[in-house]
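J.: need coordinates for the following:
(2 chains)
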2 protein chains.
Amino acid sequence: MKATVIGLGLIGGSFALSLKDKGLYDSVMGIEHSEKSAQRALELGLVERIVSLDEALSESQLIVLATPVDIIPTLATKILNRIRPDQILMDMGSTKQELCEIVMMHPNRSRLVATHPMWGTENSGPEAAQHDAFAGRTVVICESELSDKDALQQVEKIYNSLGMPIRYMSAEEQDTHCAYVSHISHITSFALALTVLEKEREEEHIFDLAGGGFESTVRLAKSLPQTWAPIFLQNKYNVLDVLREHIHQLQILRRMIERDDRDGLLDAMKKANKIREILD
Amino acid sequence: MKATVIGLGLIGGSFALSLKDKGLYDSVMGIEHSEKSAQRALELGLVERIVSLDEALSESQLIVLATPVDIIPTLATKILNRIRPDQILMDMGSTKQELCEIVMMHPNRSRLVATHPMWGTENSGPEAAQHDAFAGRTVVICESELSDKDALQQVEKIYNSLGMPIRYMSAEEQDTHCAYVSHISHITSFALALTVLEKEREEEHIFDLAGGGFESTVRLAKSLPQTWAPIFLQNKYNVLDVLREHIHQLQILRRMIERDDRDGLLDAMKKANKIREILD
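T.: Purely as a prediction, here's the structure:
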């Protein structure tokens, strides 16, 4: 059995390693737009060889889309146009509504399994790929009822062997929840980095004084713009909704500080503390 | 040599452990407002015994203030009122202007060394205290020229033996920089937790889907309100300044998403990426 991963960055590279590490596919090939990244992926042993889309379509039982989300819908369509009934296409993008809408009427829609593994780091490119990256993280599968049983089962088998609990959702639900628990964190982190870079001209002080708290809140601001801009734009409606609420909450805290409203601050922060019960 | 730490939570408890671990003081005693925390501190071996302020003042060569910052200025004044010339008072609070202003004219001002070790976690209370907590983190000493040489040298010796690089600043500088690299991170984290708790009623989904990114940006929202409300209010001017800029940056990103301004988003995020060079 052969698999081809398209996009050999953090997610695709790590997934290629997992497919090989778990012995799920005899050979894992790669397609990568950037020649430099393709070369690095080979050097790092993420894939056995770099192939063309034609080669991938003729040789692979599984094709995996791990590119930025703005490319996924058209690429998925092109592949579904030529896919054989014994082949499976899956994607790993962070947004799902756009993809699911674009392929909705495609005669080969059922060969696609739309997934979103909830894992990532602030690093990018082939160098960021890790062995055992996904273990223990949840993966969302969207519109599973529209995928053929054999395709769905094979993708479930892969994620099971990676140790990932699977949740089934509509594309709409997935995009809403991910705006809350993933996309907004990235936006606040980018904004925080911009704030500090804007206000704190003395970089030496950032470096010297930044404690663990600062590092953890701005960590995501190191993430790749080419990955995240398309996610924010594809999930625009939900992201704007959560962003509006977040700015509102910041304004409430700001007004409390302006008015020396100690009790109000204590109440709000006690309410925020509830996140501990949910996460721990 | 004996030391007394006032306030046996995360910071005071960890510092008490360090003073003992490094063999800097033969005996470390504690003063703790909460009876329950006092009991826990004894059980956990953070201090040898719980003492009164009278006992502390009669027996200790070093007295350490590690309470919330709203109590530090008055407590410092009371202790300076009764301190002997062979005794040293130091504080570990996150804000410095208020303290330094309150003790400015005190005849015993020179027995105080005002410090801020840049370490903390989202946990609180005696249970949160750690061995070797401060190693490698920067400590700020404010207005060092107003402390007696012997007092300053002893405090420097303590922080050196803890492996902490020392930076010297005015109280004003310290409060400005800490608004940027510490206080604002806590505010955004609290606001983010409130946003998600407000919008995402289905807690199960937060729990299932929250990846590492979300956890790291909301981690600080678990912090103790009683510690942080006084910090925000004492550093009000700087905190509001940074908060205003942060809301402004979020509004810029929001407008870009609204207008599908992909290039603008990419530019802003590339700029934010610069934080990697500073932190790594």
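
J.: the domain parsing of chain A - what is it?
T.: Here the domain parsing of chain A from automatic domain parsing is A:2-170, A:174-279.

J.: ok, residue A:208 - contacts?
T.: By Cβ atoms under 8 Å, 6 or more residues apart in numbering or on different chains, the contact list for residue A:208 reads B:138, B:165, B:167. (C-beta placed from N, C-alpha, C; glycine too.)

J.: picking up where we left off before, mind telling me which of the domains of chain A the model trusts least?
T.: Lowest mean pLDDT within the domains of chain A: domain A:174-279, a mean of 90.

J.: and that domain, how far out from the chain middle?
T.: Relative to the centre of its chain, domain A:174-279 is centred 19 Å away, using Cα atoms, centre = their mean, to the nearest Å.

J.: between the domains of chain A, which one is closest to residue B:30.
T.: Taking Cβ to Cβ, domain A:174-279 is the member of the domains of chain A nearest to residue B:30, at 24.4 Å.

J.: quick one: terminal-to-terminal distance for the closest one?
T.: Across domain A:174-279, the terminal residues are separated by 19 Å (Cα to Cα, to the nearest Å).

J.: rewinding a little: overlap between the contacts of residue A:208 and the residues near chain A?
T.: B:138, B:165, B:167 (Cβ under 8 Å from any Cβ of the partner chain).

J.: can you tell me the centre-most residue of chain A?
T.: Note on chain A: the residue nearest the mean C-alpha position is residue A:94, at 4.1 Å, using Cα atoms, centre = their mean.

J.: contacting residues for the spatially closest residue to that one that is not a sequence neighbour?
T.: Counting by Cβ to Cβ, 6 or more residues apart in numbering or on different chains, the nearest residue to residue A:94 once its immediate chain neighbours are dropped is residue A:231, at 4.9 Å. Taking Cβ under 8 Å, 6+ apart as the contact definition, residue A:231 lies against A:69, A:93, A:94, A:95, A:183, A:186.

J.: secondary structure class for the third one?
T.: I take that to be residue A:94. Three-state call for residue A:94 (DSSP: H, G, I helix; E, B strand; the rest coil): coil.

J.: surely it and residue A:179 touch.
T.: No - with contacts counted by Cβ atoms under 8 Å, residue A:94 stays clear of residue A:179, the gap being 10.1 Å.

J.: shared neighbours, these two?
T.: By Cβ under 8 Å, 6+ apart, the residues touching both residue A:94 and residue A:179 are residue A:235.

J.: before we move on, the earlier item: closest one of the contacts of residue A:231 to chain B?
T.: residue A:186 (6.7 Å; Cβ to the nearest Cβ).

J.: which helix or which strand is home to the closest one?
T.: For residue A:186, the enclosing helix or strand under DSSP states H and E is helix A:184-199.

J.: so that helix, near chain B or not?
T.: Yes - judged by Cβ under 8 Å from any Cβ, helix A:184-199 comes into contact with chain B at A:184-199.

J.: tilt between that helix and helix B:184-199?
T.: Orientation of helix A:184-199 against helix B:184-199 (axes from the mean of the first three to the mean of the last three Cα atoms, to 10 degrees) gives an angle of 150 degrees.
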